[in-house]
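> A structural model of the following input is requested.
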Amino acid sequence: MIENSEPKTLSFDNTEIAFKSKSDKDLERAYWLFKIIANNFLTKVGPSMTNFALNIGLPIQGIIRKTIFKHFCGGETIEGCENAINELGENGVGTILDYSVEGEETESAFDACCNEVLRTVVAASKNKYIPFSVFKPTGLGRFELFEKVNAKEALTESEQAEYQRMLDRTDRICKACHAAGVKVLVDAEHSWIQDAIDDIAREMMEKYNMEKPIVYNTYQLYRSDKLASLKADFEYAKVRGFHMGAKIVRGAYMEIERARAAQKGYSDPIQPNKEASDRDYNEAIEFILDHLDNFGLMAGTHNEDSSMLLAKEIDRRGIDRSIDRIYFAQLLGMSDNLSFNLAAHGYNVAKYMPYGPVKAVMPYLFRRAQENTSVAGATGRELGLLIKEKQRRKASR
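Below you'll find the model as predicted:
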């Protein structure tokens, strides 16, 4: 067990630790990849150009597999991710296997997704380097169905049966996680289906979190109402006697949310500015730590200030850094300066590791690239750290 008194001060600028597992070739590939992502033009036209090339059968999958896919994904199958999982694990960083096939809307696809998530649960139960499973609710049921339930519209008899099948898939996953002792994250989605998802997640927590946090709902703190939602769910959990599982993130759909609110004439659900998002995120950290006996916390963030706040609060409150109730998380291929430096100082860290067939995962990859360009300074920060490490290695030779 790692003690709470480290001889070296935690710093997110230590590139030697951040890129310890990266070869010179890996660094060079990452450098050019983020240079391309920094070019807004390429990020905007790239998806349509790539989809066109894939659809007409141009042989570009090999290029994609060796570049953007290799950097941001673990492999095409769970077995194909093993090397990446072990490499992270040997450096103190866990893996969250994230089956990232999107856009499928058939019952057979939903069944296949459910079965694949169940395979990640089995993998997690056998591998100490995989502390969580995760699923996206719209991978288990139709978006439009969630939308109707969220709007409290009456479902037809066939829709009720369809919705029950989605609930059954969700329950199968959560039940398997409970039986295996594997924590599971329920991803957040767009605001106009999130209430329906919150209801399901709350039901699963009440069913499977009686002894400890197993099911974790996701709270997007870039929404102005989600801190209150987190606190309300905690009060409900106290009354009902179950543990809360909370994955807190800032959010990923800001432009879409604002555009829809303007188009349909309802109040923008997004915070008025970044400062408000930061304030609520950090307050959520403090609130959860104040009630840690009843919480499991997954702090999903690429924000250095929030990561440092949580690390310092863990130490200030005398909490063991290795406590299973607190995890930091970042995406594979991003913010290695956070992940590996936190892990080197004994904090629990895990990386979201997307996987799936190259063509099927492309929508996920392009969304991540576009998010990088929309977050002020994110790509520049990644590039700056890569340049710093390249220079450090050159000087040390």
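
> tell me how far stretch 187-201 is from the chain's mean position?
Relative to its chain's centre, stretch 187-201 lies at 15 Å (Cα atoms, centre = their mean, to the nearest Å).

> and what of stretch 208-226?
On the basis of Cα atoms, centre = their mean, stretch 208-226 sits 13 Å off its chain's mean C-alpha point.

> avg pLDDT for it?
The pLDDT scores in stretch 208-226 average 98.

> ok, and for that stretch, which residues are buried?
Neighbour-count burial for stretch 208-226, with 16 or more other Cβ atoms under 10 Å as criterion, is recorded at 208-209, 213-224, 226. C-beta coordinates here come from the backbone N, C-alpha and C atoms, glycine included.

> what's the answer for stretch 22-30, then?
The neighbour-count check on stretch 22-30 (16+ other Cβ under 10 Å) flags 22, 27, 29-30 as buried.

> Any chance of CSV for those residues, columns pLDDT, distance to A343 and secondary structure?
Below are the buried residues of stretch 22-30 laid out as CSV (pLDDT from 0 to 100; distance: Cβ to Cβ, whole Å; DSSP: H, G, I helix; E, B strand; the rest coil):
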residue, pLDDT, distance to A343, secondary structure
K22, 93, 15, coil
L27, 94, 19, helix
R29, 91, 22, helix
A30, 91, 19, helix
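
> Which two among those are spaced furthest apart?
Across those, the longest distance by Cβ to Cβ is 9.2 Å; it joins K22 and R29.

> Mind listing the shared neighbours of the two?
Here K22 and R29 have no joint contacts, going by Cβ atoms under 8 Å, 6 or more residues apart in numbering.

> As a markdown table, the buried residues of stretch 22-30 with distance to I256 would be great.
Compiled in a markdown table, these are given as follows (distance: Cβ to Cβ, whole Å):
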| residue | distance to I256 |
| --- | --- |
| K22 | 33 |
| L27 | 34 |
| R29 | 30 |
| A30 | 28 |
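
> which of the residues you listed lies closest to E389?
Nearest to E389 among the buried residues of stretch 22-30: L27, at 6.3 Å, using Cβ to Cβ.

> can you tell me which residues contact that closest one?
Neighbouring residues of L27 by Cβ under 8 Å, 6+ apart: 19, 386, 389-390, 393.

> now the strands for the stretch 251-397 of the chain?
Ranges of strands in the stretch 251-397 of the chain, per DSSP state E, counting those that start in this stretch, are 295-300, 326-331, 349-355.

> who touches the strand or helix carrying L145?
Using DSSP states H and E, L145 sits in helix 143-150. Contact with helix 143-150 is made by 105, 137-138, 155, 159, 162-163, 166, 189, 192-197, as judged by Cβ under 8 Å, 6+ apart.

> Buried members of these into ChimeraX, please.
Written as a ChimeraX command, the selection of buried residues from the contacts of helix 143-150, which uses 16+ other Cβ under 10 Å, is:
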select :137,138,159,162,163,166,189,192,193,194,196,197
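
> circling back: just give me the closest of the buried residues of stretch 22-30 to V121.
Each of those was checked against V121 using Cβ to Cβ; the closest is K22, at 29.9 Å.

> The closest one and A30 touch, don't they?
Yes: under the criterion of Cβ atoms under 8 Å, K22 makes contact with A30 at 7.3 Å.

> returning to what we had before: for the buried residues of stretch 208-226, which one is nearest F72?
Nearest to F72, judged by Cβ to Cβ, of those is T218 at 20.0 Å.

> Pretty sure N91 sits against F19.
No: with contact defined as Cβ under 8 Å, N91 and F19 do not form a contacting pair (10.6 Å).

> Find the residues that touch each one of the two.
Common contacts of N91 and F19 (Cβ under 8 Å, 6+ apart): F340.

> Thanks a lot, see you next time.
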